[in-house]
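1. Fold the stuff below for me.
(one chain, ligands or ions: 1)
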Amino acid sequence: MSDAKTHWHIIGAGAIGCLFADALARYGCEVTLILRPDSATGERTVIVENDATCSAHALNTVSPKKSGSIERLLVTTKAYDVQEAVASVAARVTQNGFVILLANGMGFAEQVKTAWPRLDLYCGITTEGAYRLGPQHIRHAGFGETRIGQSGMLSAPAWFTHFQHAVDNCSWDGALQTALWTKLAVNCIINPITALHGCRNGDLASNPRLATEVAMLSDEVARVCLAAGFSAVAAGLAKTLHEVIAATAKNRSSMLEDVLAGRPTEIGYINGYLLQVAHQHGIDTPHNRALLDKVLAGIA
Ligand code: KPL
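-> Just a heads-up that it's a prediction; the model follows:
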């Protein structure tokens, strides 16, 4: 069997899950979507719309209990669902199998590693933009990049070559922790402020009051990055923020989208994780604490 024909299971059939399912299916892989235990299963058509094209693939969907043995598992749930998702299928991941966690925020990988130490675990980050138009029907709204890595693994494992061919603009990152901390730092600032003020990312630069809030929060976040050993992330934070805000000026952050949709937010794995690290290093982070409390309380 050529590697392109390998079988991927994807748990978390939201916009990002469908985007990756479509990419792997287009490359020729067999793709099975694992749905929630109470969902109707069977063959479903995954539709991905772009500006110019629309791609459709009939994929098998199963419940966790019916997923059979799993060699390659991609987890694309919300951060707060990662543990439960992995728990529902961990026993089915084969001895040589592996798991990629592709969710926003940090902290869940440690939880998974502690609960299932035998799993060969990779992490990823993606800046691909996609939103749901309906069940398994999405719009690919922004072309981004995807990075995959594993702590301490400088070069990519053999399976990665084919994954990289299937997924556009995807690379192996031998220092993924730095990329994860960069994204965490940016998300700690853009996400809660936009969620609380109900504004687009660009307003954080154009509205002086919000820009002041950004500066105060950045200062705290940078101090935690530095203490955690990510001095380059701390030093480059102002520039990175400026670039991300400019590049996503018209977008709503994922946290604002969650608030508007009445979903729980991922703040526990974003500012909540930062607060945990700050506490370990004895750093005072009152602005992050206040934002976390307000988002959790739903205060605008
Ligand atoms: O990652 C993002 C998010 O919304 O979660 C940013 C970079 C803030 C873009 O909106």
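2. what does the stretch 51-200 of the chain put close to the ligand?
-> Residues of the stretch 51-200 of the chain lying close to the ligand (C-beta under 6 Å from any ligand atom) are 104, 186-187, 190-191. Using the backbone N, CA and C atoms, a C-beta is placed for each residue, glycine as well.
3. Neighbour-wise, which one of these leads?
-> N191 (27 neighbours; other C-beta atoms under 10 Å).
4. Surely it is in a helix?
-> Yes - checked against DSSP: H, G, I helix; E, B strand; the rest coil, N191 lies within a helix.
5. Now it. Nearest residue, chain neighbours left out?
-> Closest residue to N191 apart from its sequence neighbours, by C-beta to C-beta, 6 or more residues apart in numbering: M255 at 3.8 Å.
6. what's the burial count for the one you found?
-> Neighbours around M255, by other C-beta under 10 Å: 24.
7. Surely it touches L196?
-> No - counting by C-beta atoms under 8 Å, M255 stays clear of L196, with 9.1 Å between them.
8. what distance separates the host helix or strand of G236 from the centre of its chain?
-> Counting by DSSP states H and E, the element that carries G236 is helix 231-247. Put simply, helix 231-247 sits 19 Å off its chain's centre (C-alpha atoms, centre = their mean, to the nearest Å).
9. ok, the residue nearest to N191 to the ligand distance?
-> 6 Å (C-beta to the nearest ligand atom, to the nearest Å).
10. these two touch, right, G202 and S253?
-> No - with contacts defined as C-beta under 8 Å, G202 does not count as touching S253, sitting 11.0 Å away.
11. okay, the two: which has more neighbours?
-> The residue with more neighbours, out of G202 and S253, is S253; 22 against 16, by other C-beta under 10 Å.
12. what comes up buried for the next helix or strand after the helix holding G236?
-> Counting by DSSP H and E, the element after helix 231-247 in chain order, helix or strand, is helix 254-260. Within helix 254-260, the residues scored as buried using 16 or more other C-beta atoms under 10 Å are 254-259.
13. Would you reformat those as JSON lines and include distance to S55 and pLDDT?
-> Formatted as JSON lines, these follow (distance: C-beta to C-beta, whole Å; pLDDT from 0 to 100):
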{"residue": "S254", "distance to S55": "24", "pLDDT": "93"}
{"residue": "M255", "distance to S55": "29", "pLDDT": "96"}
{"residue": "L256", "distance to S55": "28", "pLDDT": "96"}
{"residue": "E257", "distance to S55": "24", "pLDDT": "92"}
{"residue": "D258", "distance to S55": "27", "pLDDT": "94"}
{"residue": "V259", "distance to S55": "31", "pLDDT": "96"}
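14. Nearest to the ligand among those?
-> S254 (3.4 Å; C-beta to the nearest ligand atom).
15. what stretches of the stretch 1-150 of the chain score poorly on pLDDT?
-> 1-4 (pLDDT under 70).
16. hmm, back to that, overlap in contacts, M255 and L196.
-> Here M255 and L196 have V295 as joint contacts, going by C-beta atoms under 8 Å, 6 or more residues apart in numbering.
17. For the stretch 1-150 of the chain, which segments count as strands?
-> Applying DSSP state E, counting those that start in this stretch to the stretch 1-150 of the chain gives strands spanning 7-11, 30-34, 42-49, 54-62, 70-75, 93-101, 121-126, 129-134, 137-142, 146-149.
18. Include mean neighbour count when you put these into a markdown table, please.
-> A markdown table is the format used below for those (neighbours: other C-beta atoms under 10 Å):
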| stretch | mean neighbour count |
| --- | --- |
| strand 7-11 | 23 |
| strand 30-34 | 22 |
| strand 42-49 | 16 |
| strand 54-62 | 16 |
| strand 70-75 | 22 |
| strand 93-101 | 17 |
| strand 121-126 | 22 |
| strand 129-134 | 15 |
| strand 137-142 | 18 |
| strand 146-149 | 22 |
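19. Those strands into a markdown table, with extra columns for distance to N169?
-> Below are the strands of the stretch 1-150 of the chain laid out as a markdown table (distance: least, C-beta to C-beta, whole Å):
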| stretch | distance to N169 |
| --- | --- |
| strand 7-11 | 18 |
| strand 30-34 | 20 |
| strand 42-49 | 16 |
| strand 54-62 | 17 |
| strand 70-75 | 17 |
| strand 93-101 | 16 |
| strand 121-126 | 9 |
| strand 129-134 | 12 |
| strand 137-142 | 12 |
| strand 146-149 | 7 |
